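Participant: How does the following fold in three dimensions:
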Amino acid sequence: MGIEMVTAGAGELGDVVGVLREWQREGVASQLHPGDLGWFWRFGEERTAAATRIWRRGGEIVAIGMLDEPDWLRMAIEPDLQRDEELAQRIAEDVSEPARGVLIEGKVYVETPMGALVQDLLFKDGWNADVPWVPVWRDLTDPVPDPGVRIDVVGPEEAHERTGVQRASFDGSTFTDDRWFAMADGLPYADARDLVLRNELGESVAAATVWSAGEGRPGYIEPMGVHRLHRGRGYGTAMVLGCARTLQEMGASSVYTVTPATNVGAVATYQAAGLEPQDEIRSQYRDA
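Facilitator: Next up, the predicted model:
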């Protein structure tokens, strides 16, 4: 039974989001989350579909890729098929040959679940390991401590606060109000919440978006930031605790995110909120 790969149509994104939810399981290597697709949705449905690749076998979705950039593909593979030889070979061929319509020519990057067979094939073909990132994770079985500050779930009326903190947290951020509304119109946002942390004066000083994958499944933080004028006051740790409590209320089994291993400050912030570093993950790259 052959495997086919296609660029998603807008009408197929519902199936993609549903499958990604099902693939989120405790004990499975970190991979593409519905929240990754949801965060990309700020660019609109059509662009999200154009960035999404679907691999099917016998009509069933067996792998999903999202082009964060034309040279950077992030993937999820059905957990029980991550060592499937036929699927691994097909993915390796599709990401290696620009004519297949996945990645462009030149230096490109692919992120797949650690331990997936496709990684072995890409290394064999001369691909290299990129810089390490660190997943940080916290179980949500037990109560999460109160962050001790005011954290609000915000909607359309406060969207300008959410986007303002984002732009003040990340140099070069292009997160506008229009892009927030595009994101909020996306299918994954049905399982998302936007949070804003306020200081004693009521100012918005930190913000985050959390994404549930459904009851009993891992929840995800993407992104979280603290306003550059309000750092060093513990707001990052409080914000992460607020994210964990919100996801717990939504029924998530755990909370996690991923940060560059070199960003020791971010890792320390997550650890202070009870998220523990897991095994490093690395994408793979092919030189031009």
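Participant: Send over stretch 18-28 as CSV, restricted to the C-alpha atoms.
Facilitator: This file holds the C-alpha atoms of stretch 18-28, laid out as CSV (Å, rounded to 0.1, in the frame of the first residue of the first chain):
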residue,chain,number,x,y,z
GLY,A,18,-7.8,16.3,14.9
VAL,A,19,-5.0,13.8,14.1
LEU,A,20,-2.4,16.0,15.8
ARG,A,21,-4.6,16.0,19.0
GLU,A,22,-4.8,12.2,18.9
TRP,A,23,-1.0,11.8,18.6
GLN,A,24,-0.3,13.8,21.8
ARG,A,25,0.5,11.2,24.4
GLU,A,26,2.5,11.0,27.6
GLY,A,27,5.7,9.1,27.1
VAL,A,28,5.9,9.8,23.4
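Participant: how much distance is there from it to the middle of the chain?
Facilitator: Distance of stretch 18-28 from the chain centroid (CA atoms, centre = their mean, to the nearest Å) equals 13 Å.
Participant: What lies in contact with that stretch?
Facilitator: 31-34, 37, 61, 64, 76, 78-79, 113, 191, 213-214, 217-218, 253-254 (CB atoms under 8 Å, 6 or more residues apart in numbering). (Each C-beta comes from the backbone N, C-alpha and C, glycine too.)
Participant: One more: stretch 148-155?
Facilitator: By CB under 8 Å, 6+ apart, stretch 148-155 touches 158, 161-162, 184, 193-199, 202, 235, 238-239, 242, 246.
Participant: 6 Å - rerun?
Facilitator: Residues from elsewhere that reach stretch 148-155, judged by CB atoms under 6 Å, 6 or more residues apart in numbering: 162, 193-198, 238, 242.
Participant: One more: stretch 173-180?
Facilitator: With CB under 6 Å, 6+ apart as the test, stretch 173-180 has contacts from 42, 159-160, 163, 166-167.
Participant: Now restrict those residues to buried residues only.
Facilitator: 42, 159, 163, 166-167 (16 or more other CB atoms under 10 Å).
Participant: where are the low-confidence patches of the stretch 151-288 of the chain?
Facilitator: Along the stretch 151-288 of the chain, no part satisfies pLDDT under 70.
Participant: quick one: the strands in it?
Facilitator: Applying DSSP state E, counting those that start in this stretch to the stretch 151-288 of the chain gives strands spanning 192-198, 204-211, 218-226, 254-260, 276-277, 281-286.
Participant: now these in CSV, with distance to L103 and mean neighbour count?
Facilitator: Shown next, in CSV, are the strands of the stretch 151-288 of the chain (distance: least, CB to CB, whole Å; neighbours: other CB atoms under 10 Å):
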stretch, distance to L103, mean neighbour count
strand 192-198, 28, 22
strand 204-211, 26, 26
strand 218-226, 22, 23
strand 254-260, 21, 21
strand 276-277, 30, 13
strand 281-286, 8, 18
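Participant: Off-centre distance for the longest helix belonging to the chain?
Facilitator: Among the segments of the chain that qualify as a helix by DSSP state H, the longest is helix 235-249. With CA atoms, centre = their mean as the basis, helix 235-249 stands 17 Å off its chain's centre.
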